[in-house]
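J.: Okay, predicted coordinates and the sequence, questions at the end:
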Amino acid sequence: SASLHDILLTHTKTTHTGATMAQFIVNPKPFLADLIGKVVRIKLKWGQLEYQGLLNSSDSYMNLYVEKTEEFVDGQFAGFLGDVLIRCNNILYLKAATDEENANKKRKLQEQEQQQQSNNTTTTAAAATTTTTTSMDIST
């Protein structure tokens, strides 16, 4: 009898035109390991919800820790989420971001870092120029 591995490798899919095409099975652990440190796009199982961010790590259950995450609903930017942990059973698929998505994400991250540095500099400068003088008259 054929092993599960042989069955998976020889699995074919029939398209709507009746043509058959081979399915390529990718071992998920090396696939995830190759994506660590890269911008990924993650589609969740329900609705049109997607996340895009920098894949920091995954665990043995394939839960994902994604940094600098953005949320997209129906393909439209919906907000910045920051660091996110996505439970494995909620994921429909995961893919590396396209070169254009990757470039846009890097540009946004650089803008955010520059804005944060600018805010820090402004706060530091304001703190340096603010002095508090307290005087108390204790004469009777």
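T.: That came through fine. Numbers count the residues shown, from 1 in each chain.
J.: quick one, helices of this structure?
T.: Under the criterion DSSP state H, helices of the chain are mapped to 4-10, 28-35, 99-129.
J.: Do I have it right that M62 meets P28?
T.: Yes - in this structure, M62 is within contact of P28 by C-beta atoms under 8 Å, at 6.5 Å. To be clear about C-beta, it is placed using only N, CA and C from the backbone, and glycine gets the same treatment.
J.: More neighbours: which of those two?
T.: Between M62 and P28, M62 has the larger neighbour count (other C-beta atoms under 10 Å), namely 15 against 12.
J.: residues contacting that one?
T.: Taking C-beta atoms under 8 Å, 6 or more residues apart in numbering as the criterion, M62 is in contact with 28, 32, 88, 91.
J.: of all these, which comes closest to G82?
T.: Using C-beta to C-beta, the shortest approach to G82 within the contacts of M62 belongs to I91, at 18.8 Å.
J.: Excluding chain neighbours, what is closest to that closest one?
T.: With C-beta to C-beta, 6 or more residues apart in numbering as the measure, I42 is the residue that lies nearest to I91, at 6.0 Å, once sequence neighbours are left out.
J.: if we can go back for a sec, tell me, which of the helices of the chain is the model least confident about?
T.: The stretch with the lowest mean pLDDT among the helices of the chain is helix 4-10, which comes in at a mean of 45.
J.: picking up where we left off before, number of nearby residues for the residue nearest to I91?
T.: What I42 shows, counting by other C-beta under 10 Å, is a neighbour count of 22.
J.: okay but it is in contact with I86, surely?
T.: Yes - counting by C-beta under 8 Å, a contact exists between I42 and I86, whose distance comes to 6.3 Å.
J.: could the contacts of M62 go into TSV alongside distance to E50?
T.: Supplementary listing: those in TSV, determined by distance: C-beta to C-beta, whole Å:
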residue	distance to E50
P28	19
L32	18
C88	16
I91	11
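J.: Drop anything exposed from those residues.
T.: Buried residues within the contacts of M62, defined by neighbour count using 16 or more other C-beta atoms under 10 Å: 32, 91.
J.: Just the closest of the contacts of M62 to E71, please.
T.: Using C-beta to C-beta, the shortest approach to E71 within those belongs to I91, at 14.5 Å.
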